[in-house]
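S.K.: next comes the sequence, and after it the predicted model I'd like to discuss.
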Amino acid sequence: MNKYQIADRGILVSLIQEAIHGNPIGRYQHRLHVILYVLIFNNIKNASMIYSEPVRTIQSWMKRFLQKGLVGLYDKEKSGRKSRLSESQEELLKEHINIPPTRFNYNQANWDGKLLSHHILEKFNITIGVRQCQKLFHKLGYSLQRPRTVSIGNKEEQEKFKKKRKN
């Protein structure tokens with residue numbers, strides 16, 4: 001068998017492991033391979049070394065597999081704090097974000113986390129932190145974009161200034 005000359009083997013292994021563990025399908029397939037190995041060779045310790053997984057993790061996967069079948073190897077639902085906003089409030093908020101803040105009598109031309117936090121407090125009497133409001137923008141399908149500043153003034157003077165700086 002030909003051996004490959006690989007200089008950065010560790011980096012490549014890390015990249016592949018990240019690809020496997022970085023998405024639900026990859027994790028599920030990884031668990032399938034590990035369980036298949038254990039079923040064929042009846043050796044959890046070897047599977048642990050080959051697949052770089054702790055023995056206890058493989059034992060847990062085996063238990064889930066034997067109790068629930070293939071479905072037991074899917075990722076479990078991740079729990080987290082429920083949103084303080086209801087779905088209807090989020091929908092209304094999405095409509096509000098499509099309207100410039102000046103229409104709500106705010107002294108700001110664009111929405112940001114701080115303003116959204118204030119707006120939610122005003123409209124729904126719910127306190128949400130600035131960082132959570134920034135995440136809420138992404139959840140609602142928005143991204144933070146700042147307008148570019150445009151210089152006002154004499155264009156000829158600006159060009160002269162630019163030329164002086166280059167020299």
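M.R.: Thanks, I have it.

S.K.: could you use CA atoms for every contact and neighbour count after this?
M.R.: Noted.

S.K.: could you list the low-confidence segments of the protein?
M.R.: Residues of the chain that meet the criterion pLDDT under 70 lie in 1-2, 164-167.

S.K.: how about the helices in it?
M.R.: In the chain, the helices defined using DSSP state H lie at 9-21, 24-41, 44-51, 55-68, 87-97, 113-124, 130-139, 155-166.

S.K.: export these to TSV and tack on distance to Gln145 and mean neighbour count?
M.R.: Formatted as TSV, these follow (distance: least, Cα to Cα, whole Å; neighbours: other Cα atoms under 10 Å):
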stretch	distance to Gln145	mean neighbour count
helix 9-21	30	12
helix 24-41	30	16
helix 44-51	43	16
helix 55-68	43	15
helix 87-97	13	14
helix 113-124	12	16
helix 130-139	11	16
helix 155-166	26	10
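
S.K.: out of those, the one nearest Tyr106 is which?
M.R.: helix 113-124 (8.5 Å; Cα to Cα).

S.K.: for that closest one, name the packing helices and strands.
M.R.: Counting contacts by 3 or more Cα pairs under 8 Å, 6 or more residues apart in numbering; DSSP states H and E, helix 113-124 is packed against helix 130-139.

S.K.: the same query, at a cut-off of 10 Å, please.
M.R.: Contacts defined by 3 or more Cα pairs under 10 Å, 6 or more residues apart in numbering; DSSP states H and E place helix 113-124 against helix 87-97, helix 130-139.

S.K.: and of the helices of the chain, who's closest to Tyr74?
M.R.: Smallest distance to Tyr74 across those (Cα to Cα): 5.5 Å, for helix 24-41.

S.K.: which strands and helices sit next to that closest one?
M.R.: When contacts are defined as 3+ Cα pairs under 10 Å, 6+ apart, helix 24-41 sits against helix 9-21, helix 44-51, helix 55-68.
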